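J.: Sequence plus predicted model, see below.
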Amino acid sequence: MKTKLVFLIILITILGAGLFFSYKVLVNHNQQIKSGQILLEKRKKAWLKLKNTLENKVMNFRGRVGIVVEDLDTEWEIAFNEDTLIPSASLIKVPIMLSCFYAAEDGKITLKDTISLKSSEKVAGSRVLGREPAGSVFTVEELFSPMITQSDNAAANILIDFLGFDTLNVYFKKMGLKNTNIARKMMDFKERREGDENYTTAGDMAYLLEELYYKKFLNKEVSEKCLKLLGEQKINDRIPRKLPRGTYVVHKTGLEKHVCHDVGIVFTNKGNFLICVLAKHEDRFARHTKKFISDVTLLTYNYYQNLY
């Protein structure tokens with residue numbers, strides 16, 4: 001009888017300890033949920049405040065601007081005029097590069113195919129190939145770095161000639177672009193005056209960056225190659241301009257008379273964000289527009305730094 005009583009006391013003690021432990025776990029779990037909800041609500045309020053601040057800047061911008069800002073953790077998005085067509089300038093070089101990868105995947109070309117530089121392709125803004133003599137030979141893949149990292153116009157024109165307008169436009173559609181086209185080569189202002197223009201939107205550019213960030217463009221390897229090239233960008237007077245030194249940014253700029261763009265992804269220790277700003281303006285030297293882009297980026301960056 002005494003043994004049974006001891007056993008019962010031990011059992012009750014164990015059960016009590018178990019119940020107490022379960023209760024503590026449940027309380028802690030509920031507290032964590034409540035704390036998480038509070039943090040999420042604070043984050044939502046801060047995001048809404050950011051949206052209102054950016055909206056005010058857009059309303060006061062002298063010109064037409066399309067913007068997409070996306071939190072890549074929550075997929076929250078702030079967008080203004082994201083489907084407005086704006087001349088793409090050098091942003092078109094991103095889908096040109098992706099089309100080459102697509103064509104290689106389809107077996108229509110290889111990235112090792114060689115192409116000769118023509119004199120007619122050496123236009124203004126050919127920072128790298130402009131120094132090379134006509135007849136110089138490059139592989140398709142060798143043209144990506146000057147075209148993306150230094151926005152070399154000759155490199156883009158060689159690839160446009162190599163694939164052709166029709167093929168490029170087909171691949172633009174295949175990769176999911178809704179409002180992006182190519183109708184003229186880089187710096188061909190004669191075609192522009194005749195009504196042929198390359199257009200894109202903030203929404204299309206954001207879509208491409210999402211595909212690359214989530215490693216969904218063709219496959220992980222291709223997506224990472226493209227991101228690496230965008231991360232080696234040498235023109236850094238817009239998105240990265242006011243960010244702390246060392247902030248990792250993958251991006252591509254665009255600049256022509258009365259158009260100024262930058263689209264990219266900013267990586268921070270508190271979250272990564274996508275930012276696309278396309279602007280058509282009347283600023284002769286684009287100084288104010290470049291400042292506008294860097295201001296929008298810094299405001300978004302500060303949103304993350306002020307979290308928690």
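T.: Looks like it arrived, so ask away.
J.: show me where the stretch 1-150 of the chain has helices.
T.: 2-59, 93-105, 144-149 (DSSP state H, counting those that start in this stretch).
J.: Out of those helices, which gets the lowest mean score?
T.: For those, mean pLDDT drops lowest on helix 2-59, to a mean of 71.
J.: How is this protein divided into domains?
T.: Here the domain parsing of the chain from automatic domain parsing is 57-84+232-308, 87-200.
J.: Looking at these, which is nearest to Lys225?
T.: domain 87-200 (7.9 Å; Cβ to Cβ). The C-beta positions use only the backbone N, C-alpha and C, and glycine is treated the same way.
J.: measure that closest one end to end?
T.: Taking Cα to Cα, to the nearest Å, domain 87-200 runs 6 Å from one end to the other.
J.: what do you get for stretch 144-155?
T.: End to end - Cα to Cα - stretch 144-155 spans 8 Å.
J.: Stretch 254-273 now?
T.: 20 Å.
J.: For it, give the mean pLDDT please.
T.: pLDDT averaged over stretch 254-273 gives 96.
J.: Give me the number of neighbouring residues for the nearest residue to Asn179 once chain neighbours are set aside.
T.: Counting by Cβ to Cβ, 6 or more residues apart in numbering, Asn179 lies nearest to Thr201, which is 4.6 Å off, once chain neighbours are set aside. For Thr201, the tally of surrounding residues (other Cβ atoms under 10 Å) stands at 24.
J.: dump the residue contacts of Thr201.
T.: 66, 82-86, 178-180, 278 (Cβ atoms under 8 Å, 6 or more residues apart in numbering).
J.: if we take these, which one ends up nearest to Thr114?
T.: For the contacts of Thr201, the nearest to Thr114 is Thr180 (27.9 Å; Cβ to Cβ).
J.: Check whether that closest one really touches Ser88, as I assumed.
T.: Yes: under the criterion of Cβ atoms under 8 Å, Thr180 makes contact with Ser88 at 6.9 Å.
J.: Now list whatever residues contact both of those two.
T.: 199-200.
J.: the helices in the stretch 201-308 of the chain, which residues?
T.: Per DSSP H, counting those that start in this stretch, the stretch 201-308 of the chain carries helices over the ranges 202-213, 220-230, 287-305.
J.: Tell me what Glu70 is bridged to.
T.: For Glu70, the beta-bridge partners under DSSP bridges are Glu77, Leu274.
J.: What does the pLDDT read for it?
T.: So Glu70 comes in at 98 (pLDDT).
J.: Give the burial count for it, as a bare number.
T.: Neighbours of Glu70 (other Cβ under 10 Å): 22.
J.: Can you tell me how far it is from Phe172?
T.: 21 Å (Cβ to Cβ, to the nearest Å).
J.: what do you get for Leu230?
T.: 18 Å.
J.: who's more crowded, those two?
T.: The neighbour count for Leu230 versus Phe172, taken as other Cβ under 10 Å, is higher for Phe172 (24 against 21).
J.: can you tell me which residues contact that one?
T.: Phe172 neighbours (Cβ under 8 Å, 6+ apart): 95, 99, 180-182.
J.: if we take those residues, which one ends up nearest to Tyr248?
T.: Pro95 (23.0 Å).
J.: Can you tell me the SS state at the residue nearest to that closest one when sequence neighbours are not counted?
T.: Leaving aside its chain neighbours, Pro95 sits nearest to Phe172 (5.5 Å; criterion: Cβ to Cβ, 6+ apart). Classification of Phe172 by DSSP: H, G, I helix; E, B strand; the rest coil places it in helix.
J.: residues contacting the closest residue to Lys51 other than its chain neighbours?
T.: Spatially, and ignoring its direct neighbours in sequence, Lys51 is nearest to Ile78 (4.7 Å; Cβ to Cβ, 6+ apart). Applying Cβ under 8 Å, 6+ apart, we find Ile78 in contact with 47, 50-51, 54, 67-70.
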